Each structure stands twice: as structure tokens, then as C-alpha cells.
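need a 3D model of the following:
(one chain, ligands or ions: 1)
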Amino acid sequence: MSNKLQQKLAEREAQGNLRQLRTTSGLIDFCSNDYLGLARSEELRALIHKYEDKFKHLPMGATGSRLLSGNNTLFEELEATIAQYHHSEAALLFNSGYAANVGLLSALPQRGDTIFYDEAIHASIKDGMRLSFAKSYSFKHNDLEDLRRKLQHATGTAFVVVESVYSMDGDKAPLTDLAQLCHEQSIALIVDEAHAVGLYGPKGEGLTVALGLADKVFAQVITYGKAMGSHGAAVVGSKVLRDYLVNFSRAFIYTTGLPTHALITLQCAYTLLPELDKERQKVKKLSKHLLEQLNEVKGIRCAPEDSVILSVFLENGDVAKLKKLALYLQQNGFDVRPVLSPTVPQGQERLRVIVHAYNLEEEIEGLVQAIAKGT
Ligand SMILES: Cc1ncc(COP(=O)(O)O)c(C=O)c1O
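Below you'll find the predicted structure:
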């Protein structure tokens with residue numbers, strides 16, 4: 001068996017795509033998903049500390065599945081907060097965004113149903129669909145015409161699954177048009193808000209709420225490892241959806257609930273989130289500034305507009321050079337990673353640059369200079 005594994009690893013290495021775990025050490029952060037700086041917020045840390053005392057009577061761990069010993073009032077209170085925050089009836093916590101997507105997509109669409117998903121959708125949604133008995137069809141990225149064509153294959157209940165902001169490309173789904181189409185054709189729309197929560201909407205509720213679409217979206221997936229600076233996720237939707245998932249979602253049922261400190265952290269993050277307008281403005285201003293400057297650099301192409309997730313493509317598409325450029329940036333103090341196949345399709349390899357509210361203008365300028373020099 002070990003030989004087989006080694007062979008697979010050797011193949012990866014020969015392709016130049018071997019993944020390895022590394023620790024991040026003091027580089028300027030253009031890589032993490034901590035868009036608003038909540039993961040490192042002293043204010044959040046102090047608030048958590050205060051609440052920890054208040055919940056001393058609860059065990060530190062959930063101690064079991066929430067259907068057995070693992071449920072408590074903190075879960076229920078937090079879920080009520082989440083539902084209200086995202087303009088919905090109910091919410092159900094999962095242990096991660098990965099688990100939420102697997103738990104939702106594997107349980108909801110039934111045999112005979114049909115799922116239509118954007119080709120750029122996250123791996124966790126793909127894995128969920130693989131566990132479902134429904135048929136699934138991809139449509140071209142953000143292409144409603146292609147979706148309309150594919151809808152001819154619909155049988156049973158139809159679902160459309162998109163991300164409001166795409167994790168790799170950083171661009172937005174045409175949510176208003178999608179919601180209209182799904183409404184007209186009685187399709188259940190599922191929106192993964194992982195990269196929009198915290199950043200969009202008057203209180204960082206996400207793009208669904210920002211566009212006034214909460215009542216047209218069947219389920220929102222809200223994740224907490226990104227702008228919320230923590231861990232875990234929630235599926236937000238109707239009360240009947242929540243009850244259904246409690247009964248049928250194996251990723252919810254057959255696992256230990258989140259520990260108490262995670263629940264306290266999330267409750268505190270939700271307390272601070274409405275107040276982070278300055279950070280929301282700043283990260284958007286900085287990313288605009290970065291894009292404008294990168295557009296002046298020769299030999300690269302940068303996209304999209306108006307996003308804190310920027311992709312930098314080499315115009316000649318040379319993957320070896322792209323890796324060298326990433327290494328050069330790291331050696332010069334910038335934490336920027338290349339995104340390679342199979343994470344993105346071959347030919348779409350890029351540097352993924354993420355801007356944060358705590359990045360400084362000098363850091364942006366330094367990064368642009370280093371990219372220009374290293375290209
Ligand atoms: C769009 C999207 N959905 C879900 C996830 C999974 O979230 P988590 O990291 O909480 O498991 C990610 C994380 O990479 C993501 O980008």
C-alpha cells in the first residue's frame with residue numbers, strides 16, 4: 001500500500017504540484033482569509049474573555065452529538081442570533097464550512113432531483129453532491145444563458161448552487177438575476193456566502209442580504225473561518241429546512257457539536273461585526289488601490305475589479321515562472337501563494353492576493369514593486 005501512496009506522491013512531485021504544509025512566519029499577510037482582522041482583534045479577545053466567565057457552568061466540550069448530550073442553550077441562542085442577522089427564519093450550526101456544504105448537499109437533494117452548479121464552485125459543495133443521490137450538471141461560470149440551457153435536464157426538485165463571491169476568482173455571482181430565474185422556475189437557490197460575510201451588507205450580513213434577496217434564497221451557507229476570524233459555519237433558511245437537516249444531515253448528526261469556546265467566540269464576533277464599517281471601507285479602498293497599481297505592471301493581468309480577492313496571471317501563462325515569482329515575493333517578505341492545478345483548472349494558474357483591513361499602503365506599494373521586479 002505504501003508503495004502505491006509513494007507513487008502517487010512522486011507523480012505529483014514530477015508535475016511540480018506536490019502540496020506541503022508550511023507554517024507562516026512573520027511575512028506580510030496577503031494570503032489569509034482574515035479580511036477584517038477579527039482573528040487578531042484584541043477587542044474580540046477581551047470580549048471572549050468576559051463571556052467565558054459567564055458560561056463557566058457549561059462543559060468546555062459539547063460532549064456528544066447535539067442529538068445526544070451535546071446540545072445546550074448557547075447553541076440555540078447563537079442560532080437565533082445568526083438567523084436574525086442574516087434575515088432568515090432559522091439557522092443550524094455545523095463544525096465547518098466544509099461540513100455545512102457536505103451536510104446540506106448530501107441530504108437535501110433526493111434521488112430523482114437535479115442540482116445545477118457553477119463550474120467554479122467550491123470542493124466542499126462538489127463533495128456534498130457526490131454523496132447525494134441526485135443528478136448534477138455544471139454550468140459555465142456566471143453564465144445564466146448556459147444555466148438556462150442546462151435547466152432542460154431538470155427532473156424532480158431542481159437546485160441551483162452558487163457562491164456569492166467566488167473563493168478563487170474573487171468575482172460575484174449575478175445573484176439578483178439568479179434569484180429571479182429560480183423564483184420564476186420554482187428552483188431552490190443555495191448561496192455559499194463564505195467570502196461575502198463580513199464584507200457586504202450594512203452590517204456585513206453577506207451579499208444575499210445586501211441585495212435584499214434573503215426571502216428568495218432557499219439556503220445561505222455562512223462560514224466563520226474567514227472574515228469572522230473563527231471557525232464553524234451555519235446553514236440559514238426556513239425552520240422546516242433546519243428541522244430536516246437535524247433529522248437527515250449526517251454531517252450534523254454523526255459528529256460532536258462545536259465546543260463552548262467556539263460558540264462564545266462566534267457570539268462575540270457577531271456582537272462586533274456591525275461596528276466594523278471602517279474596516280469594511282478600508283479593505284475595499286486598499287484593494288482598489290492595489291488593482292490600479294497592478295494594472296500598470298507589464299507582463300501580468302489582474303482581475304477582478306471591486307474585490308478583496310485578486311488574481312494575478314502571468315500573460316505568458318508560464319507556470320514555472322509563476323512559482324518562481326511566488327517564491328521571490330515570499331523571500332522578499334510577502335506571503336503570497338500560487339494557486340495551481342488541480343485547485344484551479346490547468347491554464348488558470350495564478351497568484352492569489354488577498355487584501356486585509358490591516359494591510360498598510362506601504363505594504364501594497366512594496367508588493368507591487370516586488371511583483372514588477374520579479375516578473
Ligand atoms: C466558498 C467556500 N465554501 C466553503 C468553504 C469551507 O469553509 P471552512 O473553511 O469553514 O471549512 C470554503 C473554504 O475554503 C470556501 O471558500
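
can we go C-alpha only for contacts and neighbour counts from here?
Will do.

list the contacts for the residue lying closest to residue 223 once chain neighbours are set aside?
Leaving out its chain neighbours, the residue that sits closest to residue 223 by C-alpha to C-alpha, 6 or more residues apart in numbering is residue 233, at 4.1 Å. Going by C-alpha atoms under 8 Å, 6 or more residues apart in numbering, residue 233 touches 93, 94, 95, 96, 97, 100, 221, 222, 223, 224, 225.

which among the residues you listed are in contact with the ligand?
Restricting these to those near the ligand by C-alpha under 6 Å from any ligand atom leaves 96, 97, 223, 224, 225.

where's the residue nearest to residue 33 when sequence neighbours are not counted relative to residue 323, distance?
Leaving aside its chain neighbours, residue 33 sits nearest to residue 226 (4.7 Å; criterion: C-alpha to C-alpha, 6+ apart). Residue 226 sits at a distance of 25 Å from residue 323 (criterion: C-alpha to C-alpha, to the nearest Å).

could you pull out the helices for the stretch 151-300 of the chain?
Using DSSP state H, counting those that start in this stretch, the helices assigned to the stretch 151-300 of the chain run over residues 175-184, 207-210, 239-248, 250-253, 260-272, 277-294.

deepest in the core, which of the ones you listed is it.
Highest mean neighbour count of these: helix 207-210, a mean of 23 (counted as mean count of other C-alpha atoms under 10 Å).

residue numbers of the stretch 1-150 of the chain in contact with the ligand?
96, 97, 98, 122.

neighbour-wise, give me the winner out of the residues you listed.
Counting neighbours by other C-alpha atoms under 10 Å, the top entry in those is residue 97, with 26 neighbours.

distance check, that residue against residue 191.
Where residue 191 is concerned, residue 97 sits at a distance of 12 Å (C-alpha to C-alpha).

quick revisit: could you dump the helices of the stretch 151-300 of the chain into JSON lines with distance to the ligand and mean pLDDT added?
JSON lines is the format used below for the helices of the stretch 151-300 of the chain (distance: least, C-alpha to the nearest ligand atom, whole Å; pLDDT from 0 to 100):
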{"stretch": "helix 175-184", "distance to the ligand": "15", "mean pLDDT": "98"}
{"stretch": "helix 207-210", "distance to the ligand": "13", "mean pLDDT": "98"}
{"stretch": "helix 239-248", "distance to the ligand": "18", "mean pLDDT": "98"}
{"stretch": "helix 250-253", "distance to the ligand": "12", "mean pLDDT": "98"}
{"stretch": "helix 260-272", "distance to the ligand": "13", "mean pLDDT": "98"}
{"stretch": "helix 277-294", "distance to the ligand": "18", "mean pLDDT": "97"}
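
out of these, which comes closest to residue 199?
helix 277-294 (5.7 Å; C-alpha to C-alpha).

next secondary structure element downstream of that closest one?
strand 300-303 (DSSP states H and E).

could you check how far the closest residue to residue 18 other than its chain neighbours is from residue 150?
Ranked by C-alpha to C-alpha, 6+ apart and with sequence neighbours excluded, the top spatial neighbour of residue 18 is residue 12, at 5.1 Å. Residue 12 sits 34 Å away from residue 150, going by C-alpha to C-alpha.

once you drop chain neighbours, what's closest to residue 204?
residue 198 (3.8 Å).

residue contacts, the residue in the chain that the ligand sits nearest to?
Residue of the chain nearest the ligand, by C-alpha to the nearest ligand atom: residue 97 (3.3 Å). By C-alpha under 8 Å, 6+ apart, the contact set of residue 97 is 124, 194, 221, 222, 223, 224, 225, 232, 233, 234.
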